[in-house]
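Q: Test case, fold it:
(one chain, ligands or ions: 1)
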Amino acid sequence: MTNPNVVVSDTQSAIAMAITAVSGNNPTLFPPSVTSPYNINMFSRNKFPKSMETASMGSHVGGGKNIGWVDAMRASSPTRNSSENSEEKKNWIMKHPSALGVFEEIMSAAKMKQVVIFLDYDGTLSPIVSNPDQAYMAPEMREAVKNVAKYFPTAIVSGRCRAKVYNFVRLSELYYAGSHGMDIKGPSSRKHKKGNQNVLCQPAKEFLPMLAEVYKILLEKTKGIAGANVENNKFCLSVHFRCVEEESWSDLAYRVKYVLKDYPKLRLTQGRKVLEIRPTIKWDKGKAIEFLLESLGYANSKDVLPIYIGDDRTDEDAFRVLRERGQGFGILVSKVPKETQATYSLQEPFEVMHFLQRLVTLKRSILRSH
Ligand SMILES: O=P(O)(O)OC[C@H]1O[C@H](O[C@H]2O[C@H](CO)[C@@H](O)[C@H](O)[C@H]2O)[C@H](O)[C@@H](O)[C@@H]1O
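A: Numbers count the residues shown, from 1 in each chain. Okay, the predicted model is just below:
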């Protein structure tokens, strides 16, 4: 089935390049406690510099090169359309092999261990579409997630607010970490005996009134930009520019920046054609998975193998945590080579579904043989 709403190519990091290119690093506005490499420290100037074309790219998004940001936005397409057989892609796949191709190897690491599954939502369980309200999950994918959760503790870790992502997934047996992990809740139905299911973690509660206020201001300030869409994700806000004409991106970024200069306790990160506004607390998807592993009773356990599957920059925080723990691994969902902390890769949500189905098939055959 083809969905006309599905977006095929993506230049998601371009706006971040633009913003990073024109911003500096002002430590007074961003306390050192905020460690994410994906912060866009854009509040150090009130205005874009006169010449944005020659601004220098931040190394974390632009490889440290001095590229004009508008050019960089355009230039990002060829890389993203890099052919299946390009050297770049082959080298990348060697570094981050397909999780389906090395499935047996992954499973041998899982022997005698409790596998815990963490799944991002957009771009991982659902295809990227132009209207965020229509990012539906295929029924087959829901079935695959439902089956996985019968055998392994399973959590959805999303940038969306918890209620919204739950409405898409609709499986009460899962853990949900919404708003980039700032709103965590355990399953409402009891499946796994170990650990505490009644978890509830909302580390950014005090920011709710501020975020509600900023949401209203952003709606007002961005309404003149055709295609701009501000999404309220409760503990964070998303300003989408997927449907905004490229020539208006700088205007949109400027307006967001202008609003946020009055709110130094909020920071900006980036996702796939989206600017994400979040509280400046030391909490991200990585912290969320640490919290969940602890809640499940695996804080210091050697007998656990966490697997995190995600497609976005914000998922890198979780991939990094797994690398630091030396436990489990990340799987990046991407068709194009990207800098990542993930160990393995899958190309698209369809492959994610296939991977989950294989996990279930293997688990069932092990159970039958006992
Ligand atoms: O952590 P995730 O579950 O991946 O959520 C991240 C953001 O996903 C959504 O936006 C992205 O998907 C949309 C639908 O496919 C797409 O239109 C948009 O361009 C993407 O950025 C969601 O709408 C955001 O709120 C999430 O923060």
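
Q: going forward, measure contacts between C-alpha atoms and count neighbours the same way
A: Fine.

Q: Need the CA coordinates for the helix or strand harbouring residue 319. CSV is fine.
A: Assigned by DSSP states H and E, residue 319 falls within helix 316-325. Listed next in CSV are the C-alpha coordinates belonging to helix 316-325 (Å, rounded to 0.1, in the frame of the first residue of the first chain):
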residue,chain,number,x,y,z
GLU,A,316,21.5,9.3,19.8
ASP,A,317,21.3,10.1,23.5
ALA,A,318,19.9,6.6,24.0
PHE,A,319,22.5,4.9,21.7
ARG,A,320,25.2,6.7,23.7
VAL,A,321,23.9,5.4,27.0
LEU,A,322,24.0,1.9,25.8
ARG,A,323,27.5,2.3,24.5
GLU,A,324,28.6,3.8,27.8
ARG,A,325,27.0,0.9,29.7
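
Q: Counting by contacts, list what that helix packs against.
A: Helices and strands touching helix 316-325, by 3 or more Cα pairs under 8 Å, 6 or more residues apart in numbering; DSSP states H and E, are helix 285-295, strand 304-310, strand 329-333.

Q: Can it be said to contact the ligand?
A: No. Shown here: helix 316-325 not in contact with the ligand (Cα under 6 Å from any ligand atom), separated by at least 10.7 Å.

Q: Please name every helix or strand in contact with the lengthiest helix in the chain.
A: Counting by DSSP state H, the longest helix found in the chain is helix 349-369. When contacts are defined as 3+ Cα pairs under 8 Å, 6+ apart, helix 349-369 packs onto helix 139-151.

Q: Which residues does the helix it packs on contact?
A: 125, 154, 169, 171, 173-174, 191, 353, 356-357, 359-360, 363 (Cα atoms under 8 Å, 6 or more residues apart in numbering).

Q: Could you rerun that using 6 Å?
A: 353, 357, 360 (Cα atoms under 6 Å, 6 or more residues apart in numbering).

Q: which parts of the protein sit against the ligand?
A: Within the chain, the positions near the ligand by Cα under 6 Å from any ligand atom are 120-123, 127-132, 135, 158-160, 238, 240, 242, 271-274.

Q: Put the buried members of those residues into a PyMOL selection.
A: To isolate the buried ones among these in PyMOL, judged by 16 or more other Cα atoms under 10 Å, type:
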select buried, resi 120+121+122+123+127+128+129+130+135+158+159+160+238+240+242+271+272+273+274
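
Q: picking that back up, by how many degrees do the helix holding residue 319 and helix 285-295 diverge?
A: 50 degrees (axes from the mean of the first three to the mean of the last three Cα atoms, to 10 degrees).

Q: What ranges does the stretch 151-300 of the chain have for its strands?
A: 154-157, 175-178, 183-185, 200-201, 229-232, 237-240, 266-271, 274-279 (DSSP state E, counting those that start in this stretch).

Q: so which of those comes closest to residue 340?
A: With Cα to Cα as the criterion, residue 340 lies closest to strand 266-271 of the strands of the stretch 151-300 of the chain, at 14.0 Å.

Q: Between strand 274-279 and the closest one, find me the angle.
A: 150 degrees.

Q: didn't residue 176 look like it was pressed against residue 158?
A: No. Under the criterion of Cα atoms under 6 Å, residue 176 is not in contact with residue 158, lying 8.0 Å apart.

Q: Which one of the residues in the stretch 201-350 of the chain is closest to the ligand?
A: Closest residue of the stretch 201-350 of the chain to the ligand, Cα to the nearest ligand atom: residue 272 (4.0 Å).

Q: Output the below-cut-off pLDDT ranges for the stretch 101-250 of the chain.
A: 189-197 (pLDDT under 70).

Q: What values do phi and psi take at residue 224?
A: Per-residue torsions, residue 224: phi -80, psi 0 (degrees, to the nearest 10).

Q: for it, what are its contacts?
A: Residue 224 touches nothing, counting by Cα under 6 Å, 6+ apart.

Q: redo that, cut-off 10 Å
A: Taking Cα atoms under 10 Å, 6 or more residues apart in numbering, we find residue 224 in contact with residue 252.
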